[in-house]
Structure formats: C-alpha cells, structure tokens
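# The sequence and its predicted three-dimensional model are supplied below.
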Amino acid sequence: MPLHPNSLHYGDNLEVLRNRDDFPNDSIDLIYLDPPFNSKRDYNVIYKTPAGHDSDSQITAFEDSWHWGEQAEREYHELVRQSNTDLSELIQALRRFLKETDMMAYLVMMSNRLLELHRVLKPTGSLYLHCDPTASHYLKIVLDGVFGKECFRTEISWRRSSAHNDAKQGRKQYGNIRDVLFFYTRSDKWTWNWLYTPYDQEYVEAFYCHVDEKTGRRYRLGDLTAAKPGGDVSYEFYGTRPYRGRYWAYSREKMEAFKKEGRLYFPPKGGTPSYKRYLDEMPGVPLQNDWNDIKPPQKQEYLGYPTQKPLALLERIIQASSNEGDIVLDPFCGCGTAVHAAQKLNRKWIGIDITHLAISLIEKRMKDAFSGINFEVHGVPKDFDGAIDLAKRDKYQFQWWACSLVNAQPYQGKKKGSDTGIDGLIFPSEYSGEAPKKIIVSVKGGEHVGSAMIRDLKGVVDREKAIIGLFVTLAEPTRDMRKEATAAGFHEFGEKQYPKIQILTIKGLLEGRETPKYFDRQVMKGSGGFKKAKREVKKLPLLFRSTSGESRAAEDESDESEER
C-alpha cells in the first residue's frame with residue numbers, strides 16, 4: 001500500500017513507522033525531527049483563556065525525561081540483534097560507558113527510531129535532527145552509526161535567542177543561546193537547492209563601490225583574463241592585450257557582446273577592460289551553517305506550545321532539501337510547524353505525535369491557516385470500539401481526546417496532580433460585561449458509572465462557581481444518573497435555559513446524536529481553547545537556484561563566497 005501523504009498519526013512513532021504498509025522502504029524525501037532533548041523538564045501548553053483564568057490555562061504537554069526500565073531493556077536487546085552491526089557495537093559500547101542511566105535510556109529510544117527513519121528515507125533524501133547540548137554529542141555518534149559517518153554533511157548552529165539566564169552570577173557558565181541541527185543524507189546523491197542570504201551593507205559598500213552613471217545601479221569589477229589558454233584567447237581587443245602570462249577568458253565574439261551590452265569598463269588611463277558585475281543580478285551570500293538571522297516564534301505566530309520552532313526555520317530546511325510535491329516527515333511533530341511549512345511550500349507531509357493534545361492542536365492549526373485543506377488523521381478513535389481501546393491503553397490520552405469531542409481544553413496538571421473532579425474546561429464567550437464564566441468537563445472511561453459521580457460533579461460545579469457541568473462517559477448512564485442530573489436544575493441565559501448538569505456519551509458524540517447545550521456558537525464551532533494560527537493567504541516565493549539531485553555544491557558565477 002502507498003503512503004498516506006497529508007496525514008497525521010497519533011501514537012508512538014516507533015510503532016507507527018514499523019507499519020511497513022503505511023511506511024514502505026525508500027518512500028520519504030525529507031525528515032525533520034525535533035525530539036525531546038532529555039532535559040528532565042515538564043513542558044506546558046498555554047491556552048487562550050479569559051482574563052482571570054490564567055491559572056487554568058496550562059497543562060503538561062510532555063515530560064522530557066527517560067528512565068532505564070523494562071521498555072529500555074527490551075529496546076536495547078532489539079538494537080543489539082538488528083542487522084546494522086556498526087550500531088549494534090556502538091550501542092553496547094555506550095552502555096558500558098553510561099551504564100543503565102537515564103541518558104542511556106534516551107539514546108536507546110532514539111536509536112531504534114532513527115533506524116526506522118533511515119529505512120523509510122529515499123536514497124536522495126535528507127534528515128535534519130534538531131537538538132541542544134544536553135545530548136547532542138551522543139546523538140551525533142548514534143547518527144554516524146545509523147547513517148554512516150560519510151553521510152554526515154554539516155552541523156548547523158541556530159541562535160534561538162540573544163541572551164539566556166544561564167549566564168548569571170553564581171552559575172559560573174556561559175549563556176546557552178543556540179541549538180544544533182545535524183544534517184545527514186541517505187547517500188552521496190541528495191536533493192539540494194542553494195539558498196542565499198542578503199549581503200550586509202558594509203560588504204556592499206566595500207565591493208560594489210561603483211555606481212552606473214546612467215542607471216544608478218551598483219556594480220563591482222570582475223577580471224576578464226584567465227591563467228590558462230582555451231581556444232582563440234590571445235587576440236588584441238581595442239588596443240589592449242592581457243598582461244604577460246595571462247589570456248582572455250572569453251572569445252572575441254563574447255567580448256564584443258559584453259561591450260555592446262555596456263558590461264565593460266575601460267580604465268580612463270588605459271589598460272585591460274574589466275567586467276561590470278551588477279549587485280542586483282547577484283543572488284546573495286550562499287547560506288552558511290551559522291543561522292543567526294531567524295528569531296524564535298514571534299507573538300503573531302506563537303501558539304503557546306512548548307519548544308515551538310519558527311516557521312522560517314522549517315521553511316529554510318524544506319526549501320533547501322526538497323522540491324515541490326516531495327514528502328516531508330516529522331515523527332515528533334508537536335504543534336506542527338514542519339507540516340505547516342510543508343503545506344505552505346507545496347510539499348506533501350506526514351506528522352506523528354504520541355499525544356492527542358498535539359494532534360488536536362495541529363488539526364486546528366492547519367484548518368485555521370489553510371482554507372479548505374483536507375488531510376487524514378490516523379490512530380485517533382473514529383468509532384466506539386476505538387474509544388474503548390484508547391481508554392484501556394492510556395486513560396489520560398483518552399481524557400484529552402474526550403475533551404476534544406466537546407471542544408474543551410484539558411485541565412492543567414491533570415496528569416500529575418490529584419483528582420480535582422475536573423478533566424476539561426470550556427470558557428463561553430457570550431457574557432459581555434460579566435466576569436468570565438466556565439463550564440466543567442468530567443470524563444469517565446471506566447465500564448461502570450453511577451449517580452454518585454453526578455453528585456460529585458454537581459459539587460465541583462458549585463465549588464468552582466461554574467455555570468454548567470458536562471459528564472462525558474464511555475459507559476451508558478443509568479436511569480438514576482439521569483434523574484440526578486435533571487434534579488440539578490438549569491442555567492439561564494437571556495430567555496433560554498440549559499441543563500446545569502449534562503450527561504453525554506462517547507458513542508452519542510461520535511455519531512453526532514449528542515452535543516453540549518450552552519450559549520456560545522464560537523466555542524461550539526471548535527476553538528477548543530487553542531490559540532489561532534495566522535491564515536496563509538499566498539504561496540511563499542522560493543528564493544533559491546535549484547541544483548536538485550546533485551551532491552556537489554553549485555558553482556557560483558563569481559568567487560564572492562571566498563572573498564567573504
């Protein structure tokens with residue numbers, strides 16, 4: 001079966017990638033991955049909420065830490081026995097050095113996934129791994145083991161901020177303001193498009209110091225001679241010849257054409273002419289591996305997701321290492337910056353993430369940014385049996401998914417804190433001039449539910465001064481539960497009344513038979529509390545010259561890169 005381009009996959013990327021029907025060998029053109037860095041931190045999503053509810057606006061998106069345990073031991077033995085013997089020996093040596101530590105668990109996790117990414121990458125494909133100094137030195141060794149050290153192309157440094165509070169009194173260290181991107185290819189023939197950055201003003205004034213009197217165009221002078229002859233290159237040209245040991249670099253016919261075009265400069269006091277190289281005809285400085293010109297996501301782009309990267313960073317990578325119509329894969333897609341950039345640049349894309357929170361955010365982001373976009377979502381429950389399976393596998397992911405069915409945002413700290421009776425929140429916006437109101441969502445994924453749970457929800461609604469409570473259940477509610485909910489009364493808004501406690505079944509929500517009842521059409525349309533991505537209104541121009549498919553660096557028309 002072919003790939004599913006323009007699709008999101010919810011689940012562990014190792015399991016997703018190992019499905020060879022969906023991810024066959026040699027099928028992906030470009031891979032970008034921004035995996036957790038093993039920084040031993042919790043990262044929170046910040047939601048868009050009314051003033052006064054900031055304390056409710058965060059939830060742990062992922063925990064960036066690993067520990068050696070049964071899963072790490074199992075994956076380690078898989079690595080030792082797989083067919084890449086270089087990686088097998090490397091991972092054993094690393095374990096002897098690192099022992100059964102958190103770092104070793106992290107490297108085992110990454111190694112297995114990098115093997116699958118190498119398998120699905122085309123021979124002309126490239127991989128960019130984004131990391132920081134926490135584990136970058138180990139990751140590069142692992143990448144050498146997976147791809148071969150001869151397929152390492154460069155280490156890109158991205159300056160993600162101008163200063164960092166690492167550098168302060170008492171810490172005795174330099175501020176860490178850069179991330180690292182390792183650039184590897186599958187073979188020695190990879191897709192490549194040269195990108196250019198503008199010349200700085202100091203360089204322009206120093207080298208393009210001449211100005212055409214008629215047009216005002218800046219230009220510099222280029223040599224028209226060569227060290228070795230090639231054809232008829234020893235002729236006299238308007239009374240001049242190259243000096244001893246040099247030859248004309250062009251034929252007489254070409255030189256006459258240059259003169260006719262006004263491209264030659266003849267010194268007032270005599271001597272060989274020079275070629276006018278105009279500034280506005282030059283592409284700029286070939287992109288180097290020190291990227292200090294791309295800023296972190298700015299306010300209009302920031303969605304509140306931890307570790308979000310700027311669109312410009314991913315656009316640069318995708319432009320350089322793929323062509324329109326190619327398939328871009330991000331196996332740790334987070335808030336979806338890579339798939340957003342791919343869509344914007346007319347590439348196909350696939351994103352994978354292990355949290356339903358990320359998949360929900362990307363779904364909304366892509367629909368906000370691209371009008372009428374169509375894409376598939378795999379691994380997320382589409383029917384009742386799928387919901388039962390998710391509830392059994394991961395109760396927290398089930399709760400987050402169930403919250404998305406009623407367009408609620410997951411409640412802060414749910415995964416780590418004690419059970420407060422709140423799994424999700426909705427902030428209706430139709431209360432002009434009043435204090436912000438909220439709706440409590442309680443999710444139950446067990447096989448048994450009872451009226452005591454409805455009484456508990458009534459208590460939480462009263463305690464939190466909420467207007468409505470939604471009880472979302474996988475199991476069918478009992479008659480006593482419905483009676484208990486009815487007894488809670490109504491919330492009044494204008495001339496309308498809405499049940500204060502509403503029972504909603506997963507089956508009814510999936511089939512479209514049930515929906516929450518309250519006065520707020522905006523929330524009901526699916527904002528889910530996520531910040532809104534900016535609408536993309538036009539295609540981004542591709543500012544590069546293509547040398548697609550060539551592994552060598554493109555030869556510039558000048559030697560300016562060396563002079564720089």
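Arrived safely.
# which residues of the stretch 151-300 of the chain score low on pLDDT?
Along the stretch 151-300 of the chain, the model assigns pLDDT under 70 to residues 162-171.
# what are the ranges of the helices in it?
201-207, 252-260 (DSSP state H, counting those that start in this stretch).
# What of the stretch 451-564 of the chain?
Under DSSP H, counting those that start in this stretch, the stretch 451-564 of the chain gives helices at 451-463, 479-486, 506-511, 521-524, 560-563.
# Any chance of those in CSV with distance to residue 216 and mean pLDDT as columns?
Yep, even glycine has a C-beta here, placed from its N, CA and C like the rest. Formatted as CSV, the helices of the stretch 451-564 of the chain follow (distance: least, C-beta to C-beta, whole Å; pLDDT from 0 to 100):
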stretch, distance to residue 216, mean pLDDT
helix 451-463, 72, 95
helix 479-486, 78, 96
helix 506-511, 67, 94
helix 521-524, 54, 42
helix 560-563, 21, 34
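# Save the helices of the stretch 151-300 of the chain as CSV, and put in mean neighbour count and distance to residue 425 too.
Shown next, in CSV, are the helices of the stretch 151-300 of the chain (neighbours: other C-beta atoms under 10 Å; distance: least, C-beta to C-beta, whole Å):
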stretch, mean neighbour count, distance to residue 425
helix 201-207, 12, 51
helix 252-260, 13, 71
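# ok, residues contacting stretch 446-463?
If you take C-beta atoms under 8 Å, 6 or more residues apart in numbering as the criterion, stretch 446-463 is touched by 391, 420-422, 440, 442, 444, 466, 468-469, 471, 473-475, 477-478, 480-481, 483-485, 488, 500-501, 503.
# Look up how far residue 158 lies from residue 244.
50 Å (C-beta to C-beta, to the nearest Å).
# Please disregard the earlier target; I meant residue 19.
In terms of C-beta to C-beta, residue 19 sits 32 Å off from residue 158.
# Among these two, which residue is more densely surrounded?
Taking other C-beta atoms under 10 Å, residue 19 and residue 158 do not tie; residue 158 has more neighbours (22 against 13).
# For that one, which residues are in contact?
Neighbour list for residue 158: 130, 178-181, 291, 294, 313 [criterion: C-beta under 8 Å, 6+ apart].
# longest single strand anywhere in this protein?
Identified as the longest strand of the chain according to DSSP state E is strand 121-131.
# Tell me the helix or strand right after that strand.
Sequence order places helix 136-147 as the next helix or strand after strand 121-131, per DSSP states H and E.
# Residues touching that following helix, excluding its own?
84, 86-87, 90-91, 94, 103, 107, 110-111, 114-115, 118, 127, 129, 131, 152, 155, 180, 182, 184-186.
# Might you specify the subset of those residues located within strands?
Counting by DSSP E, the part of these found in strands is 127, 129, 131, 152, 155, 180, 182, 184-185.
# can you list the residues you listed in CSV and add distance to residue 197?
Shown next, in CSV, are the ones in strands among the contacts of helix 136-147 (distance: C-beta to C-beta, whole Å):
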residue, distance to residue 197
127, 23
129, 23
131, 24
152, 23
155, 18
180, 20
182, 21
184, 23
185, 22
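# which of those residues count as buried?
The neighbour count (16 or more other C-beta atoms under 10 Å) marks 127, 129, 131, 180, 182, 184-185 as buried among these.
# roughly how far apart are residue 146 and residue 246?
51 Å.
# Between the two, tell me which one has more neighbours.
Shown here are residue 146 and residue 246; by other C-beta under 10 Å, residue 146 has more neighbours (23 against 18).
# tally of neighbours for the closest residue to that one other than its chain neighbours?
Of all residues not flanking residue 146 in the chain, residue 114 sits nearest, at 4.6 Å (C-beta to C-beta, 6 or more residues apart in numbering). Using other C-beta under 10 Å, residue 114 is surrounded by 25 other residues.
# do residue 232 as well
For residue 232, the neighbour count with other C-beta under 10 Å is 11.
# what does residue 133 give?
Residue 133 has 11 nearby residues by other C-beta under 10 Å.
# Spell out, range by range, the helices that occur in the stretch 301-450 of the chain.
So, for the stretch 301-450 of the chain - with DSSP H, counting those that start in this stretch - the helices run 311-321, 337-344, 356-369, 384-393, 395-405.
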